[in-house]
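Undergrad: Dropping the sequence and predicted coords here.
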Amino acid sequence: MSDLDLLGTDDLRVLKAAASTDRVLVSADTDFGELLAVGRHPGPSVIVLRRAPHQPEAQTELLLANLDGTEETLAAGAVVVLTAQHVRFRLLPISREE
């Protein structure tokens, strides 16, 4: 979100900026999913790259390989967790019972 001048800012502000600009947040940081769950927020959608290589090319490959299968889920509002082995998601807002 460098185009929004949010580099180095706190996670909650980044979430709010993504939601207000209708963006999907992509991160290797699991804190974003936790903030959405704890706050029971309806968005923004977040893609979490778990155990992904730290090379940008490999992360881009993982993301692009799974984007088609997650597009509708992301549009509905979800936390999507991508690993090299699987894709899992939770629709937003995340309830305490889940």
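TA: Here it is on my side, so go on.
Undergrad: what about the helices in the protein?
TA: 11-20, 31-39, 56-76 (DSSP state H).
Undergrad: and residue 92, which of the ones you listed is closest to it?
TA: Nearest to residue 92, of all those, is helix 31-39, at 6.2 Å by Cβ to Cβ. The way it works is simple: take the backbone N, C-alpha and C, and place the C-beta from them, glycine included.
Undergrad: now for that closest one, which elements pack on it?
TA: Judged by 3 or more Cβ pairs under 8 Å, 6 or more residues apart in numbering; DSSP states H and E, helix 31-39 is in contact with helix 11-20, strand 46-49, strand 78-82.
Undergrad: let's see 10 Å
TA: Contact partners of helix 31-39 among helices and strands, from 3 or more Cβ pairs under 10 Å, 6 or more residues apart in numbering; DSSP states H and E: helix 11-20, strand 25-27, strand 46-49, strand 78-82, strand 87-91.
Undergrad: What distance do you get for residue 36 to residue 18?
TA: 11 Å (Cβ to Cβ, to the nearest Å).
Undergrad: again, but for residue 81
TA: Taking Cβ to Cβ, one finds residue 81 at 17 Å from residue 18.
Undergrad: Over to residue 64?
TA: 20 Å.
Undergrad: out of the two, which sits in the more crowded spot?
TA: Between residue 64 and residue 18, counted using other Cβ atoms under 10 Å, the more crowded position is residue 18 (21 against 9).
Undergrad: Do I have it right that that one meets residue 74?
TA: No. Residue 18 is beyond contact range of residue 74, at 11.8 Å (criterion: Cβ atoms under 10 Å).
Undergrad: Spatially central residue in this structure, please.
TA: Nearest to the mean C-alpha position of the chain, counting by Cα atoms, centre = their mean, stands residue 46 at 1.7 Å.
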